[in-house]
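Asks: predicted model, plus sequence, below.
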Amino acid sequence: MHIDFDVNRYFPDEVHEMGDSGRATFEEKRPLYLAAGRHFLNHYGAMIRDCHDSGAGGDWVVHSISEMMDILIRKLFHSIALDMKLKSRAKEQITIVATGGYGRGELNPHSDIDLMFLYGGKEGRLVEEIAQKILYFLWDMRLDVGYSVRTVSDCIEISASDTTVKTALLDNRHICGNRLLFKELVKIVLTRIMTNGSDAFIRQKVSDLNTRREKYGSSVYLLEPNIKEGEGGLRDLQTALWIAKVRFKVSDPRELVVKGVVSEEDLNLYNGLLTYLWRIRNHLHYLTGRKNDQLTFADQSAIAAFLGYRDNAGILGVEEFLRDYYLNATKVEQFWSFMVSRCLQLEEGRQRLGFLIRRHIGEGFYVIRGELVVPDESVIVQDPSRIMKLFEYGQKHGVELSLQARDLVRKSLNLVNDRFRRNKEVNSSFFAILRSQKGVAETLRLMHYLGLLIRFIPEFERVYCKAQHDLYHIYTVDVHSLFAVEEIIKLWNGVHRETRPLLTRLASEVGKRGLLLLAALLHDVGKGEGGNHAEKGAEMMPTIGRRLGLSKEDSERLQFLVRNHLYFAHIAQRRDLHDEKMIIQFARHMGKSENLNMLYLLTYADLKAVGPDVWTEWKAMLMEELYEKTFAVLERGDFKYEMKSEKVKNIRKKVLEMLASEYPVGVVREELKALSTRHLLSNNPDEIAGHVRMLLSLGASPIVTRVSHEMEGGYSKFTVCTFDVPGLFSMITGVMAANGMNILGAQINTSTNGKVLDVLQINSPQGFVITDDARWCRAEDDLRAVIQGTIRVGTLVEKRHRPTLLTEKVKPRFPTVIDIDNEVSDDYTVIDIYTHDKVGLLYDITSTLTDLGLYIGVSKISTKIDQVADVFYVKDIFGQKITFEDKLAEIRKRLLAVIDGATETAATER
């Protein structure tokens, strides 16, 4: 595929003849040149875009755009020289040189164009005049052009103190003008600029890269990666080539193959990665109409569709695109690390020449200068199990694998077959790594980085670089799994002894540490198979267990942990923990306290490894409550209900004693009699006494509120006491939304005497405790006004819901799901709602449930960044479950309409 760029078609001869005849000045002809240049770029730029849309490779597009610019600049130079009536000698004083990305011939559709006007030291004013005319043409064509005007001596002097200039000069290319002057520059670059301070230049480039990663992201697996500056982006490949040019004194990448620095395969990999990233960056530029390097959520979906990715069998096309992107970005990072190691290895070799002391540690492995090396690589072919032993010995002796050892692992991956995976020595080494007291996470990460882990456990390859297209999961599945392993190790090491004493103690009591780490590593492996990943992952465990030589008991426990790794969090966050029947059912499902302990630890590690703000004190409190209640049932040894009537009687007696000096006994007894059994059993006597005080104070005021801050738990407890009115809980949620308060959970208690006492757990949308008294006063005043009817709650919510001129950032969308369960609770129908968050969502839901004639007894609210999972325990107006199919269908229909029908805004209630 090639385009013949006919520039003369747009710069007709008669324009030049006007200049020769003297009928028009240069300034008079300038508009003609400008129009000609624009038409030329528009015409051929559109042709290149058409080729891009038709599947042209990224390399072809960037080279074609560069060639188009070369031809335009040459034409402008010769046209200006002709109009200025420059003599040949004067024209030979200047050379126009492309530098930077343009110098490499790598222009994306909206890339900067870097030019250097090089001259021999004479005619400086003339050179500046020519440069000015060309630059103004290019700027008037809305091109981003950077430039410099220098002599060869200037290049030598400036590059000695400015690494940016030195870097730009490494990528130079002649466009037009004096070729001899350009050849002189090339010679100087190779013999002086590259040679002077090469070690310092390499160290500076490594430092620059680390600084850049701090700014643009120090992980390949970012949600919205920067394709140019981020880790695994184009800049990593460019930097690898720059330091190789300086270290090995080459001007063309192919020379690195000739010098034995890289193989032909390495060079092909480098070129393939460039082409891949260029194609994506080209489309990003075309898509947004500007220079753009950020792969935003909206752009990810558009690019995935453009590249032909389609949703298939429950797997989103955009997630498959992201997986391929992360796979390639990982290869970029590995290539960069390889080149840096080669360059720095040469430097260290010169510094430590003759330092040949080595220590043999077995299996043909040696430690030299703190690194594990394998002088005779044939030992691996003789016994492939030594591949795993390399990592075991490196971990045991606390040394890094040398570059040579790492290359050896990569070259030997073809030896990792089914026989290797079932080898007892291999499996013994693998579990020795997992059970070690040190370096477990680091060793597993290195095994994964070098490709051994996915070869050894092929099921893990299905989640290698697998992305999840949402704002909640900020890491790919494989990286998240490795982080989960690390979180358990932190518990073993006592990192959280002060803040998580129960989890730390349980971790220290685990007998089979290797099994727990294996569960953490494999808990999400089913995500490579589409939906219902916990069940699909569990189905893989017997096969993996047999291969690894696990006992039947250990294999079954591994399967149990993987199958139930979501269950513990689901029950803790989405079910009524005061429901004794539910706790007993959960305990029966656990079976043994060992299962409960390990599942609790795995749940903690899983949530902590999702992202920095996912594990909250509120979730910690709920999960600890579930653990302690379930453990008590398991320790009791039976799954029978405790006698409720006796417990209720004892609670009433204790509360009567506590309040005897404050109120008449008969008044307190009547108030306690009006409380529901659930209210009494869900709170301790101290809390019940406080509730009774509030209930008895009703009368003079139609509403009594109390706020207490649970600083350690990260929330405030907001208790509302008033007389029952239809839609009361909906009013409360609306007022909280209008005041920017986030409801975590709510317990709704209605007494038989018409009084209501609702207890809400509240924090800020950012997850902080709200301690501003004025803010609480505003919320209480609003609530009082709504209950007394002086203002509509909908009016308050609408004020919070005002439209904004700011554009909302595009977020991935998922369909709303509504599940209704009549089995989990004896007394309530349980409605689970999964949807996207928006202002006033909880108010919309609760007001709809009220309109449907439903009473809400318990509510739990869970938010994952922009997604919510809300649960409501409801009854009908007769205090019964909703069982009629027509009514259940109406509930679903009405809820879907209010959730999906409202206009969303960028702000969020939670």
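Replies: The structure has been received and is ready for your questions.
Asks: could you list every helix and strand in contact with the longest helix seen in the chain?
Replies: Here the longest helix in the chain is taken by residue count, with DSSP state H as the criterion, and it is helix 317-351. Where contact means 3 or more CB pairs under 8 Å, 6 or more residues apart in numbering; DSSP states H and E, helix 317-351 is packed against helix 198-216, helix 234-248, helix 264-288, helix 297-306, helix 403-411. Where you see a C-beta, it was placed from the backbone N, CA and C, and this is true even at glycine.
Asks: want to throw those into JSON lines with mean neighbour count and distance to residue 38?
Replies: Formatted as JSON lines, the helices and strands packed on helix 317-351 follow (neighbours: other CB atoms under 10 Å; distance: least, CB to CB, whole Å):
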{"stretch": "helix 198-216", "mean neighbour count": "16", "distance to residue 38": "34"}
{"stretch": "helix 234-248", "mean neighbour count": "22", "distance to residue 38": "29"}
{"stretch": "helix 264-288", "mean neighbour count": "18", "distance to residue 38": "18"}
{"stretch": "helix 297-306", "mean neighbour count": "18", "distance to residue 38": "27"}
{"stretch": "helix 403-411", "mean neighbour count": "17", "distance to residue 38": "51"}
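Asks: of all those helices, which one is nearest residue 707?
Replies: helix 297-306 (37.9 Å; CB to CB).
Asks: need the mean per-residue confidence for that closest one.
Replies: What helix 297-306 shows for mean pLDDT is 91.
Asks: please apply the same query to stretch 43-51.
Replies: Computed over stretch 43-51, the average pLDDT equals 96.
Asks: may I have the phi/psi pair for residue 228?
Replies: Reported as degrees, to the nearest 10, the phi and psi values for residue 228 are phi -100, psi -50.
Asks: that one: neighbour count?
Replies: 22 (other CB atoms under 10 Å).
Asks: so it versus residue 103, what's the distance?
Replies: In this structure, residue 228 and residue 103 are 16 Å apart, going by CB to CB, to the nearest Å.
Asks: can you check residue 843 too?
Replies: Applying CB to CB, the value for residue 843 to residue 103 is 59 Å.
Asks: so what's the most centrally placed residue in the chain closest to, chain neighbours aside?
Replies: When CA atoms, centre = their mean is applied to the chain, the residue found nearest the centroid is residue 474 (2.3 Å). Beyond its immediate neighbours in the sequence, the residue positioned closest to residue 474 (CB to CB, 6 or more residues apart in numbering) is residue 611, lying 4.7 Å away.
Asks: surely that neighbour forms part of a helix?
Replies: No. Inclusion of residue 611 in a helix is not indicated when DSSP: H, G, I helix; E, B strand; the rest coil is applied; the result is coil.
Asks: so where's the stretch 801-910 of the chain uncertain?
Replies: By pLDDT under 70, the low-scoring segments of the stretch 801-910 of the chain are 801-814, 839, 864-866, 902-910.
Asks: how about the helices in it?
Replies: 841-851, 885-901 (DSSP state H, counting those that start in this stretch).
Asks: can you add mean neighbour count and distance to residue 1 and give those back as TSV?
Replies: Output for the helices of the stretch 801-910 of the chain, formatted as TSV (neighbours: other CB under 10 Å; distance: least, CB to CB, whole Å):
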stretch	mean neighbour count	distance to residue 1
helix 841-851	22	52
helix 885-901	14	46
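Asks: now the ones you listed as a markdown table including distance to residue 466?
Replies: Putting the helices of the stretch 801-910 of the chain into a markdown table (distance: least, CB to CB, whole Å) gives the following:
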| stretch | distance to residue 466 |
| --- | --- |
| helix 841-851 | 30 |
| helix 885-901 | 28 |
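Asks: only the buried residues of the longest helix of the chain, if you could.
Replies: By neighbour count on 16 or more other CB atoms under 10 Å, the buried set for helix 317-351 is 317-336, 338-344.
Asks: good, wrapping up.
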